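Student: I would like the atomic coordinates for the input below:
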Amino acid sequence: MAPQEVEALWETVQRQSFDDNKLAIIREALRETSIPADDARRFVATMAFDRNRIELAKYMYARVADRQNFYRVYEALQYQSSIREVQQYIDSYRP
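Tutor: Model prediction:
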């Protein structure tokens, strides 16, 4: 996804009040494309609830263009247990 497209998506997501709406928009926008890990971190951090951050981080893993930098997404998670849950998901991930 081009940087200007990521910014347009970011602005759309920021206008949403609820995590469910944000998640739906992000999923639709990223269904067939990928974004850099730093942008994925930004989107994960915008979620109000940790369970939604975890869900989005798991979804983002397959859509991060630079997976070697996925560790940066962990900065958006509030708890060590959340990071472990995402890491376990990644360990078992099969495309």
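Student: Which stretches in this protein count as helices?
Tutor: For the chain, applying DSSP state H gives helices covering 3-14, 19-30, 37-45, 50-61, 80-92.
Student: Just say which of those helices is most tucked in.
Tutor: Per residue and on average, the most neighbours among the helices of the chain fall to helix 37-45, with a mean of 21 (mean count of other CB atoms under 10 Å). All C-beta atoms are positioned from the backbone trio N, CA, C, and that covers glycine.
Student: Just the angle for it relative to helix 80-92, thanks.
Tutor: Taking axes from the mean of the first three to the mean of the last three CA atoms, to 10 degrees, one finds helix 37-45 and helix 80-92 inclined to each other by 130 degrees.
Student: helices or strands next to helix 37-45 in the packing?
Tutor: For helix 37-45, the elements it packs on are helix 3-14, helix 50-61, judged by 3 or more CB pairs under 8 Å, 6 or more residues apart in numbering; DSSP states H and E.
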